[in-house]
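Q: how would this look folded up:
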Amino acid sequence: MLQHVSHRTTEVDGVRVAYRESGPADGPVLLLLHGFPTSSHQFARLMDALGDVPYRLIAPDHPGFGRTEVPDGFTHTFDRLADVLEGFTDALGLDRYALYVFDFGAPVGLRLAARRPERVTGLIVQNGNAYEEGLSDAARAFIALRRADPGAQEQVRGLFTADGIRFQYETGVAEPALLNPDNQTLDLHYVNLPGRNDAQADLAFDYASNLAHYPAWQAWLRSSRVPVLVVWGAGDPFFTPAGAKAYLRDAPEAEVHVFEGAGHFALETHLPAITPLIADFLAKLP
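A: Purely as a prediction, here's the structure:
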């Protein structure tokens with residue numbers, strides 16, 4: 001059964017956070033955190049597919065993405081994105097929730113989990129890295145870029161072009177015809193709004209800061225013992241399947257599923273296989 005999806009906004013420290021919401025208002029919460037270069041729209045099909053699951057699904061747009069608006073002078077770092085997300089959960093009164101983290105959403109959501117561990121009931125990871133072995137050679141080279149390096153700005157900003165976005169969607173995908181090209185068009189629109197290229201470049205150059213947090217996130221997984229579901233596109237050019245399997249080191253009871261023929265955006269091509277895994281996982285949570 002399809003759920004009606006509401007499009008709302010709430011203000012957090014001057015940031016006008018846009019978000020999608022569906023499901024019963026009094027249901028347990030699944031907080032869905034998107035990645036680069038997309039926004040909460042990447043979860044639209046999943047939210048429809050989970051229509052029979054009695055969860056309140058909430059998917060915000062991070063600052064610098066989608067329909068979220070930031071004030072002049074906002075600093076785009078992963079720490080600041082986590083600050084806004086923490087304020088967002090407070091503003092909506094979300095004192096307990098499961099997390100779904102993908103790509104950039106992983107370092108944002110895992111920061112929040114480390115800060116407020118008592119709130120997290122479960123963790124779903126989809127191509128969201130928290131282990132050094134999960135970084136491909138291309139990802140390591142990208143993370144090593146510094147603003148002052150010759151050609152670094154051009155290389156980073158190349159990801160914001162139509163070709164750069166297409167590369168992220170299509171690499172490693174066995175059946176590109178399953179990809180909806182409208183999603184790439186929408187991503188290109190949002191990422192090229194005024195000020196967005198600069199915001200995305202700031203986040204790209206800040207990505208290296210996430211690696212220093214890996215030990216703390218891994219320690220949280222060990223100490224919290226929250227249930228973990230990992231679903232992963234094997235053809236991801238940035239985050240390798242080794243990163244998916246690494247979660248078993250700190251969460252040995254985690255469910256790990258690696259999908260051959262799927263790329264970075266595994267939901268785009270493997271939604272029918274991934275949805276029941278998520279539904280079953282949520283049904284088991286306290």
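
Q: so where do the helices sit in the stretch 1-150 of the chain?
A: In the stretch 1-150 of the chain, the segments counted as helices under DSSP state H, counting those that start in this stretch are 44-49, 78-91, 105-115, 137-143.

Q: Quick one: closest of those to residue 266.
A: Residue 266 sits nearest to helix 44-49 of all the helices of the stretch 1-150 of the chain, at 10.9 Å, using C-beta to C-beta. C-betas here are computed from N, CA, C, even on glycine.

Q: now what about the closest one, what contacts it?
A: By C-beta atoms under 8 Å, 6 or more residues apart in numbering, the surrounding residues in contact with helix 44-49 are 2-3, 5, 20, 22, 32, 57, 59, 267, 271, 274-275, 278.

Q: Just name the closest of those residues to residue 122, please.
A: If you rank these by distance to residue 122 using C-beta to C-beta, residue 278 comes first, at 10.3 Å.

Q: Report the separation between the residue of the chain most remote from its centre and residue 116.
A: Distance to the chain centre peaks in the chain at residue 150, reaching 29.7 Å (criterion: C-alpha atoms, centre = their mean). For residue 150, the distance to residue 116 equals 41 Å [C-beta to C-beta, to the nearest Å].

Q: Residue 273 now?
A: Per C-beta to C-beta, residue 273 is found 32 Å from residue 116.

Q: With residue 154 instead?
A: Taken as C-beta to C-beta, the span from residue 154 to residue 116 is 39 Å.

Q: of those two, who's got more company?
A: Set residue 154 next to residue 116 and count neighbours by other C-beta atoms under 10 Å: residue 116 wins out with 15 against 8.

Q: Quick check: that one touching residue 86?
A: Yes: with contact defined as C-beta atoms under 8 Å, residue 116 reaches residue 86; the gap is 7.0 Å.

Q: Neighbours of residue 19, how many?
A: By the measure other C-beta under 10 Å, the count of residues near residue 19 is 22.

Q: Could you pull up the residues touching the closest residue to it other than its chain neighbours?
A: Using C-beta to C-beta, 6 or more residues apart in numbering and skipping the chain neighbours, the partner closest in space to residue 19 is residue 60 (4.0 Å). Residue 60 makes contact with 17-19, 31, 33, 40, 68, 85, 88 under the criterion C-beta under 8 Å, 6+ apart.

Q: just to revisit the earlier point, which one of the contacts of helix 44-49 is nearest to residue 232?
A: The nearest member of the contacts of helix 44-49 to residue 232, counting by C-beta to C-beta, is residue 274 at 10.0 Å.

Q: Tell me the secondary structure at that closest one.
A: At residue 274, secondary structure determined by DSSP: H, G, I helix; E, B strand; the rest coil is helix.

Q: any idea what sits nearest it, other than its immediate chain neighbours?
A: Spatial nearest neighbour of residue 274, excluding adjacent residues (C-beta to C-beta, 6+ apart): residue 231 at 5.1 Å.

Q: Which helix or which strand is home to that neighbour?
A: strand 228-233 (DSSP states H and E).

Q: count of neighbours near residue 248?
A: The burial count for residue 248: 14, using other C-beta under 10 Å.

Q: Pull the contacting residues for it.
A: Each residue near residue 248 by C-beta under 8 Å, 6+ apart is listed here: 254, 256.

Q: now it: how far from residue 131?
A: Using C-beta to C-beta, residue 248 is found at 10 Å from residue 131.

Q: Same check on residue 258?
A: 14 Å.

Q: ok, the two, which is more surrounded?
A: Set residue 258 next to residue 131 and count neighbours by other C-beta under 10 Å: residue 131 wins out with 20 against 17.

Q: Now the more buried one: closest residue in space, sequence neighbours ignored.
A: Here the residue nearest residue 131, using C-beta to C-beta, 6+ apart, is residue 246, at 3.7 Å.

Q: Touching, that neighbour and residue 133? I think so.
A: Yes: between residue 246 and residue 133 there is a contact at 5.6 Å, judged by C-beta under 8 Å.

Q: Compare the two (neighbour count), which wins?
A: With neighbours defined as other C-beta under 10 Å, residue 246 and residue 133 compare such that residue 246 has more, 21 against 12.
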